[in-house]
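model the structure of this input:
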Amino acid sequence: MRVNRLRTLWQHGDAALCAWLSIPSNFSAELMAHAGFDCLTIDMQHGLIDYQVAVTMLQAISTTDAVPLARVAWNDPGTIMKLLDAGCYGIICPMINHAAEAAAFAAACRYPPFGMRSYGPKRAMLYAGNDYPEYANETILAIAMIETAEGLANVDEIAALPGIDALYIGPADLSLSLGRQQRIDQTDPVMVEALETVLAAARRHGKVAGLHTGSPEYALAMIEKGFRFVTVATDASFLENEARRVVAVARHANPSSARGPY
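Presented below is the predicted three-dimensional model:
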């Protein structure tokens, strides 16, 4: 079975650099895949991507060593299983608030006896190899998003679950849930403490902590803190920021960067 390079990086204590895909295009996915990121996440929650387009994007990513992930719209077993069957090597699930939700999510990612995933890895075997069914449980990643006050309060019990491989902070939603200003690259002391709480819980239970960021500078600072899974930006933000920069230079103006999270 094809190795999940994220697991290899994490086993060596290294950080993985990820980018988010929200543009429904196999060509833009292919361009991003060839840029050198360790992994790419197809955003099916806030992006504009449906399942069929996601499959073509997975095919484009497969031309490189980038690990294909997807963020689902919700903790829905059917969608999770279908994306795994399509060849995703990890699922990021939003709004995980307590251990029961985390357990249900983890179960959807794994075949019995460790979960409830239904058998039928149609494209996954083409991507990963014919021995996919034998090694899928130990290869696929279940990544729980911590992005609410409730999830933060229960982060220790979520991190303790054997089927959860990583905790991933959604800073925009977490900011709102904690009554703070919605931002990505947070310096608010309340949010800094929240990030450190998630990181500490991950460390206690031998899990990886991840974070959505909006700039390479902030991403590097978070890696220094111990986060080993950072998303630095999105395909849409790259396109918008560079387009604004070029127009501003051509018109002798100062570009204003796009700062949206997705």
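
so residue 134 sits against residue 125, correct?
No. Residue 134 lies out of contact with residue 125 (Cβ atoms under 8 Å); the separation is 10.9 Å. Bear in mind the C-beta positions are built from the backbone N, C-alpha and C, glycine included.

those two: which has the busier surroundings?
Neighbours were tallied for residue 134 and for residue 125 using other Cβ atoms under 10 Å; the higher tally belongs to residue 125 (17 against 12).

check the gap between the closest residue to the more buried one other than its chain neighbours and residue 161 for me.
Nearest non-adjacent residue to residue 125, counting by Cβ to Cβ, 6 or more residues apart in numbering: residue 132, 4.7 Å away. Distance, residue 132 to residue 161, by Cβ to Cβ, to the nearest Å: 24 Å.

residue contacts, the residue nearest to residue 125?
Listed by Cβ atoms under 8 Å, 6 or more residues apart in numbering, the contact partners of residue 132 are 1, 121, 124, 125.

what about the last one, helix or strand, and which?
With elements taken from DSSP states H and E, the one containing residue 125 is helix 124-128.

what's that helix in contact with?
The contact list for helix 124-128 (Cβ under 8 Å, 6+ apart) reads 1-2, 58, 62, 68, 84-87, 89, 121, 132-133, 136, 139.

among those residues, name the buried ones.
The neighbour count (16 or more other Cβ atoms under 10 Å) marks 1-2, 58, 62, 68, 84-87, 89, 121, 132, 136, 139 as buried among these.

quick one on the thing from earlier: among the contacts of helix 124-128, name the ones in strands.
Here DSSP state E is the test, and the contacts of helix 124-128 give residue 68 as lying in strands.

now do the helices in the stretch 1-150 of the chain.
For the stretch 1-150 of the chain, the helices defined by DSSP state H, counting those that start in this stretch cover 5-11, 26-33, 51-61, 77-85, 99-108, 124-128, 132-139, 149-153.

for the fourth one, which positions count as buried?
So the one you mean is helix 77-85. Buried, per 16+ other Cβ under 10 Å, within helix 77-85: 77, 79, 80, 81, 82, 83, 84, 85.

now do the second one
Neighbour-count burial for helix 26-33 flags 26, 28, 29, 30, 32, 33 (criterion: 16+ other Cβ under 10 Å).
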